[in-house]
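Enquirer: Next input, structure requested:
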Amino acid sequence: MERKIALLTGASKGIGFATAQALAKRGYDLIINSRNTSDSVTKLQNLGINVEGVDGSLGDSATISALVTKVKEKNHIDAILLNHGGPPIKPFMDVSDSEWEAYAKIMLHGPLSLLRGLTPMMQKQNSGKVVAITSFTVKSPYQGIILSNSLRAALVNALKTAALELGSDGILINTVAPGYIATQRILDFNQRYADSENISKEEVDQRTINEIPLKKFGMPEDVASLAAYLLSEENQYITGQNIHVDGGLIIAN
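Expert: Reported below is the predicted structural model:
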């Protein structure tokens, strides 16, 4: 039988790495991308599957080309996770034109360019699953993170459009919107708020938890389990959706 193959970007830590682990446990061979994949490749290989790493940023066209070439060497692709690190935590007036351009390349142009490069292969197969990791703030923006709010929302709507256009080719495309997940990004985010208000990070953490109906931070595995399902053969009828994994946060707000 032909081995199942998944490509994951932003897969060296956090939600991306947890999703790679979940797919490995489902028997997928992996192609992973981040700025440095060596440690992650070693850890994932210990799960008994084939893993290859492609280092580089999604904002670099050479990285996109390398990823497309690597997938074409396999002659098919079953699943694609589009993920990347978060942009700087800055309010609207502090973001320069050059920062808008740089992070648009990483968060919008890069993922869409990669998907366009691999879509003909999926069309030929008449199959393929795609998931992008976004954020709950695409539906309920927060102040101080204008780059994330804007560029993730643009990606969500671009992928919803692609889901409409490519559904007849057997390609299912969804986005997953995490809430407050215990990753370095959230730790940094809360530390920034603590510093700006001259209070402890623990106070900000507790204030954050109080907003969540489940009264706790989520874990990367909470998001990864859903992403892995949407990318798997089990998903046969979910496409064009932006699904929140946020402990009820958006309902509460």
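
Enquirer: the strands in the stretch 151-253 of the chain, which residues?
Expert: With strands called from DSSP state E, counting those that start in this stretch, the stretch 151-253 of the chain shows them at 171-178, 242-245.

Enquirer: List the neighbouring strands of the longest one plus their orientation.
Expert: Read it as strand 171-178. Partner strands for strand 171-178, per DSSP bridges, with pairing direction: strand 128-133 (parallel), strand 242-245 (parallel).

Enquirer: Which stretch among those is buried most, on average?
Expert: strand 128-133 (a mean of 26; mean count of other C-beta atoms under 10 Å). Quick note: C-beta positions are derived from backbone N, CA and C, even for glycine.

Enquirer: what's the pLDDT at the residue of the chain positioned farthest from its centre?
Expert: Residue farthest from the centre of the chain, counting by C-alpha atoms, centre = their mean, is Asn198 at 32.0 Å. If you check Asn198, the pLDDT there is 94.

Enquirer: Pull out the buried residues from stretch 48-57.
Expert: Using 16 or more other C-beta atoms under 10 Å as the test for burial, stretch 48-57 gives 49, 51-54, 56-57.

Enquirer: Check stretch 178-189 too.
Expert: Quick answer for stretch 178-189 (16+ other C-beta under 10 Å): 178-181, 183, 185-186, 189.

Enquirer: So what touches it?
Expert: By C-beta atoms under 8 Å, 6 or more residues apart in numbering, the residues outside stretch 178-189 that reach it are 13-15, 85-86, 89, 133-136, 145, 201, 208-209, 211-212, 217-220, 222-223, 244-247, 249-250.
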